[in-house]
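[1] model this:
(chains A, B, C and D)
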Amino acid sequence: MSPGTIAGFVGAGLVGLGLYALVVDPKPLRKLLAFNLIGSGVFLVFGIVARRGATGRFPFDPVPQAMVITGIVVAFAATALAVALMLRLAEETGTVSLDPDAGAKPDDGAEDK
Amino acid sequence: MTDALLVAAGAILLTVAVGLVRVLYGPREVDRMMAVQLLGTGGVAALLLAAAATEVAGVENVALGLALLSSFASVAFVVASPRADRR
Amino acid sequence: MTVFDALDLAIAALVLGVAAWTIAAREMFSAVVGYVAYGLLLAIVWVRLYAPDVALTEAAIGGGVTGVLLVVASKRLGRLPQPEAGPGLGLKLAAAGLAALVAGLIAAALLYLPDPAPSLAPEADRHLAQTGLGNAVTAVLIAYRSFDTMLEKVVLVLAVVGVWSVAPDRFWGGRPAPLGPASPDPALVFLARVLAPVGLVIGVQIFWVGADEPGGAFQGGAILAAMAMIVMMARLMRPPRIGSRRLRLALIAGPAVFLVVGLAGPLIAGSFFAYPAGFAKPLILFIEAFMVLSIAATLPLLVAGPPNGEGEP
Amino acid sequence: MSAALDVFSLLAIGAGVFFFVAGTVALVRFPDSLSRLHALTKADNLGLGLVVIGLLPRAGSPLAALKLVVLWALVQVSSATVAQLIGGALRRRDAET
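    Residues are numbered from 1 along each chain as shown, chains lettered A, B, ... in the order given. Model prediction:
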């Protein structure tokens, strides 16, 4: 096996696990975790492409690695934005759900301060 | 010698993996956090051993970053919990 | 080589197991704890892939900063009623089939990657001397693909604007809610006082050595951001008012300086986002210093969330 | 000389691994959260300390050795403090219920 193949299969497995949970789990924060699993699986696939590109002086190809670094930072920014939206939605509706009917109680719990 | 260092790193990772059953079974939230704490310390030790064995440049810096930050989730847990209890 | 193989298989099983736990766990908090453990494990995987720069980023952002964000969010959301109705068995099976198909396709694609693998490493190596840098990853980030990196900084600023924009109108310009309790544990204050100065030195050092060794602006900035967060959790510092001009300058300093230097490229080096020969390294470090500042300001604000009135006395 | 140092390294690292195993056994087997916390934080800090001591003779330069020691001190401070914090949180919650 070429170097890093195992990590590549882990990446493929992570994408599969994350995709399943993203579809199946109704809770938004869990969907967010699942989405991040997919993301890190893709990063690992990039990682083995980088590892296979090893030549002479470098044991890796620096271009995919640099992309993964920016990817991790952007994924964090997107996660933080999603968390902010979720917390605000919970504050407005008093429940944790993406179902538009679940929190449709206009006078109830909308302002808990 | 290199193999011995790697075996030691593997042994520490293995014990850490066994410790992770506390993340699964809890029963309390603190037990789960403790397992993460163990993973932080064990991960640092394993990285240091791997760094000494393989001589990949910069692994000690990764261990340093991990040492600095692995306890942050536990701190956030403690800080966020009492507020939840009071409301 | 067998020791390595065994180690790799064990780590792979561990990563997949913890990932499966985060999606199978019943309570939200257990899932989040699993995810934090998963982030720490990934840092080890990246070391095994000879990617210490990525491992450092993953340890700082995946393990440290994301952990705080998710633990706090799960604690706040966990108090609310949770809708339990999951999808039916049919949808679950269909989703499992889809997931298995996608994972299988990716695995198959990995098996049929071209051999020898295409690589930009020789190209990166050939021009490395011109940049004056020793770390090829930093050279890719700040020199070869600098436009990407500049835009990525803009994405971070946009994310902060997005987080702020969910604030109710009446709190606009105020402070985000404090990260810590009103009367923090003295032990936490002690930890913040010890860790923050040491972390400051380590963060700056990792940024500085990033020119030649693993490290760089992202990693150093993320460590500084984590230090700002622990100081805020111990209530030694309040989150800044989002209307503050100094804060906003710090947020945009990185992309702005990058953009100005990039636009000055045609005058000083003959093309956009090019560096003058012989003067590249100091210029790169100059840009990176402002990026560190911006990242260290951005990440804690993303974790602190929008102003919601709790931050005002 | 270097053979003696290798033996020293192996002994220290082996002892470190032993303490990690002990900490894990405590985490898995001990009956309640406080005793698990008590055993775990001591055992794994000692384990890391021994691993660091074992690696010191192999450090390339005095600066690298200093880095190892700083790293251990960081883990020591933060994990001891976190243990204190978690213990406090446990006591508060037990007092309420």
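[2] Burial check on D:Lys67, number of neighbours?
    Here the number of neighbours of D:Lys67 (other Cβ atoms under 10 Å in any protein chain shown) works out to 18. To be clear about C-beta, it is placed using only N, CA and C from the backbone, and glycine gets the same treatment.
[3] Equivalent analysis for C:Gly17, please.
    15.
[4] Is it located within a helix, as I assumed?
    Yes - going by DSSP: H, G, I helix; E, B strand; the rest coil, the assignment for C:Gly17 places it inside a helix.
[5] Tell me how far it lies from chain A.
    10 Å (Cβ to the nearest Cβ, to the nearest Å).
[6] how much space between that residue and B:Val23?
    According to Cβ to Cβ, to the nearest Å, C:Gly17 and B:Val23 sit 10 Å apart.
[7] Helices along chain B, start to end?
    For chain B, the helices defined by DSSP state H occupy B:2-19, B:21-25, B:29-54, B:59-69, B:72-86.
[8] Which secondary structure elements does the first one sit against?
    Of the remaining helices and strands, those touching helix B:2-19 by 3 or more Cβ pairs under 8 Å, 6 or more residues apart in numbering or on different chains; DSSP states H and E are helix B:29-54, helix C:2-24, helix D:2-29, helix D:33-55.
[9] could you dump those helices to JSON lines with mean pLDDT?
    JSON lines is the format used below for the helices and strands packed on helix B:2-19 (pLDDT from 0 to 100):
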{"stretch": "helix B:29-54", "mean pLDDT": "86"}
{"stretch": "helix C:2-24", "mean pLDDT": "85"}
{"stretch": "helix D:2-29", "mean pLDDT": "86"}
{"stretch": "helix D:33-55", "mean pLDDT": "85"}
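[10] Any chance of TSV for those, columns distance to C:Ile268?
    Below are these laid out as TSV (distance: least, Cβ to Cβ, whole Å):
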stretch	distance to C:Ile268
helix B:29-54	40
helix C:2-24	46
helix D:2-29	53
helix D:33-55	47
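[11] What pLDDT is listed against the nearest residue to D:Val52 once chain neighbours are set aside?
    Take D:Val52 and drop its neighbours on the chain: the residue closest to it by Cβ to Cβ, 6 or more residues apart in numbering or on different chains is D:Trp72, 4.5 Å away. On pLDDT, D:Trp72 comes in at 90.
[12] Can you say which of the helices and strands packed on helix B:2-19 is packed in most?
    helix B:29-54 (a mean of 26; mean count of other Cβ atoms under 10 Å in any protein chain shown).
[13] Let's test this: name the helix or strand in chain B with the lowest mean pLDDT.
    The helix or strand of chain B with the poorest confidence is helix B:72-86; it has a mean of 71 (mean pLDDT, DSSP states H and E).
[14] before we move on, the earlier item: closest to C:Val65 out of the helices and strands packed on helix B:2-19?
    Proximity to C:Val65 (Cβ to Cβ) singles out helix B:29-54 among the helices and strands packed on helix B:2-19, at 14.6 Å.
[15] got the angle between the closest one and helix B:2-19?
    Relative orientation of helix B:29-54 versus helix B:2-19 (axes from the mean of the first three to the mean of the last three Cα atoms, to 10 degrees): 170 degrees.
[16] which secondary structure elements does helix B:29-54 contact?
    Using 3+ Cβ pairs under 8 Å, 6+ apart: helix B:29-54 touches helix B:2-19, helix B:21-25, helix B:59-69, helix B:72-86, helix C:28-48, helix D:2-29, helix D:33-55, helix D:62-96.
[17] Please work out which residue of chain B is closest to chain A.
    Among residues of chain B, the one nearest chain A by Cβ to the nearest Cβ turns out to be B:Val56. It sits 7.7 Å away.
[18] Who are the contact partners of that residue?
    Residues in contact with B:Val56 (Cβ atoms under 8 Å, 6 or more residues apart in numbering or on different chains) are A:Pro59, B:Ala50, C:Val47, C:Tyr50, C:Pro52.
[19] The residues you listed into TSV, with extra columns for distance to A:Leu17?
    Formatted as TSV, the contacts of B:Val56 follow (distance: Cβ to Cβ, whole Å):
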residue	distance to A:Leu17
A:Pro59	29
B:Ala50	26
C:Val47	22
C:Tyr50	25
C:Pro52	26
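[20] Which pair of these spans the longest distance?
    A:Pro59 and B:Ala50 (14.4 Å).
[21] out of the helices and strands packed on helix B:29-54, which comes closest to C:Ile230?
    helix B:72-86 (6.5 Å).
[22] And the residue of the stretch 151-300 of chain C found nearest chain B, its phi and psi?
    With Cβ to the nearest Cβ, the shortest gap between the stretch 151-300 of chain C and chain B falls at C:Pro214, namely 3.1 Å. The phi and psi values for C:Pro214, taken as degrees, to the nearest 10, are phi -60, psi 140.
[23] correct me, but it touches C:Asn135?
    Yes - the criterion here is Cβ atoms under 8 Å, and C:Pro214 meets it with C:Asn135 at 6.7 Å.
[24] one step back: from the contacts of B:Val56, which single one is nearest chain D?
    Comparing the contacts of B:Val56 against chain D with Cβ to the nearest Cβ places B:Ala50 closest, at 11.0 Å.
[25] ok, that closest one to B:Glu60 distance?
    10 Å.
[26] ok, now which ones touch the residue of chain D found nearest chain A?
    Nearest residue of chain D to chain A: D:Gly60, at 19.2 Å (Cβ to the nearest Cβ). Applying Cβ under 8 Å, 6+ apart to D:Gly60 gives no contacts.
[27] Please, which helix or strand holds it?
    Under the criterion DSSP states H and E, no helix or strand holds D:Gly60.
[28] How confident was the prediction at it?
    On the pLDDT scale, D:Gly60 gets 77.
[29] Could you verify my assumption that D:Ala12 touches D:Leu50?
    Yes - counting by Cβ under 8 Å, D:Leu50 is a contact partner of D:Ala12 at 5.1 Å.
[30] what's the longest helix in chain A?
    Chain A, longest helix under DSSP H: helix A:62-93.
[31] Does anything pack onto that one? Which helices or strands?
    helix A:28-52, helix C:52-57, helix C:66-78, helix C:121-126, helix C:136-139, helix C:146-165, helix C:217-233, helix C:280-304.
[32] deepest of the ones you listed, which one?
    Of all the helices and strands packed on helix A:62-93, helix C:52-57 has the most neighbours on average by mean count of other Cβ under 10 Å, namely a mean of 31.
[33] what does that helix contact?
    A:43, A:47, A:65-66, A:68-69, A:72-73, B:56-59, B:61-62, B:65, C:43-44, C:46-47, C:135, C:137-138, C:206, C:214-216, C:218-219, C:222.
[34] Sketch out the low-pLDDT regions of chain A for me.
    Filtered on pLDDT under 70, chain A yields the residue ranges A:1-4, A:99-113.
[35] Quick check: end-to-end length of stretch C:113-130?
    32 Å (Cα to Cα, to the nearest Å).
[36] Tell me how far that stretch lies from the chain's centre.
    Computed by Cα atoms, centre = their mean, to the nearest Å, the chain-centroid distance of stretch C:113-130 equals 26 Å.
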